[in-house]
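Undergrad: I'll drop the sequence and a predicted model, then ask my questions.
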Amino acid sequence: MSPVRILALSLLVLVAGCSGCEREEAPKPAPVAEVDAGAPAPLAQLEGLSGDVRLERAGKVGPAVAGPLLAGDAVETGDQGSAVVRFPGGRTVEVGREGRFALGSDATGVVMKVERGIVLS
């Protein structure tokens, strides 16, 4: 058998063997893991509440309870109110009566903006 004939038969077998073969799709990229942002990370903890203490969060104001403080939160104490704010690392700040502060953050860390009253560190 001539080499041309062998080559022709080989090609014929190859083509016949692939009839009905579907085109192979390019491999799909691996799925990207979705990051669940979940709840925002707390900037501090509100504790040691006494008297009238209110929390403003996302435009809503209500009685404060001990728990996490988030960026954008504001805390206000009444004429007989007080609270303690505990920051990561254990540092505390005492908020006296008729005080108001807001929490935020920037490149340097947590920012506590005292809007009125006395805050002791």
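TA: Received, thanks.
Undergrad: give the buried residues for stretch 39-51.
TA: Neighbour counts over stretch 39-51 (16 or more other C-beta atoms under 10 Å) mark 43-46, 49 as buried. C-betas here are computed from N, CA, C, even on glycine.
Undergrad: again, but for stretch 100-112
TA: Buried, per 16+ other C-beta under 10 Å, within stretch 100-112: 100-103, 110, 112.
Undergrad: neighbours around residue 57, how many?
TA: 14 (other C-beta atoms under 10 Å).
Undergrad: thought residue 91 was touching residue 120?
TA: No: in this structure, residue 91 is not within contact of residue 120 by C-beta atoms under 8 Å, at 11.9 Å.
Undergrad: just to revisit the earlier point, and of the buried residues of stretch 39-51, the nearest to residue 74?
TA: Using C-beta to C-beta, residue 46 comes nearest to residue 74 of the buried residues of stretch 39-51, at 11.3 Å.
Undergrad: bridging across strands, which residues link to that closest one?
TA: Here residue 46 shows beta-bridge partners residue 67, residue 85, assigned using DSSP bridges.
Undergrad: distance of it relative to residue 25?
TA: Using C-beta to C-beta, to the nearest Å, residue 46 is found at 55 Å from residue 25.
Undergrad: please apply the same query to residue 47.
TA: Following C-beta to C-beta, the distance that separates residue 47 from residue 25 is 58 Å.
Undergrad: ranges for the helices of this structure?
TA: For the chain, applying DSSP state H gives helices covering 3-17.
Undergrad: got any ranges where this structure has weak pLDDT?
TA: By pLDDT under 70, the weakly predicted segments of the chain are 1-24, 28-38.
Undergrad: please repeat the previous calculation with a cut-off of 90.
TA: In the predicted model of the chain, residues 1-41, 89, 109, 118-121 satisfy pLDDT under 90.
Undergrad: strands of that one, residue ranges please.
TA: 44-50, 53-57, 60-63, 67-69, 74-77, 82-86, 92-95, 100-106, 109-116, 119-120 (DSSP state E).
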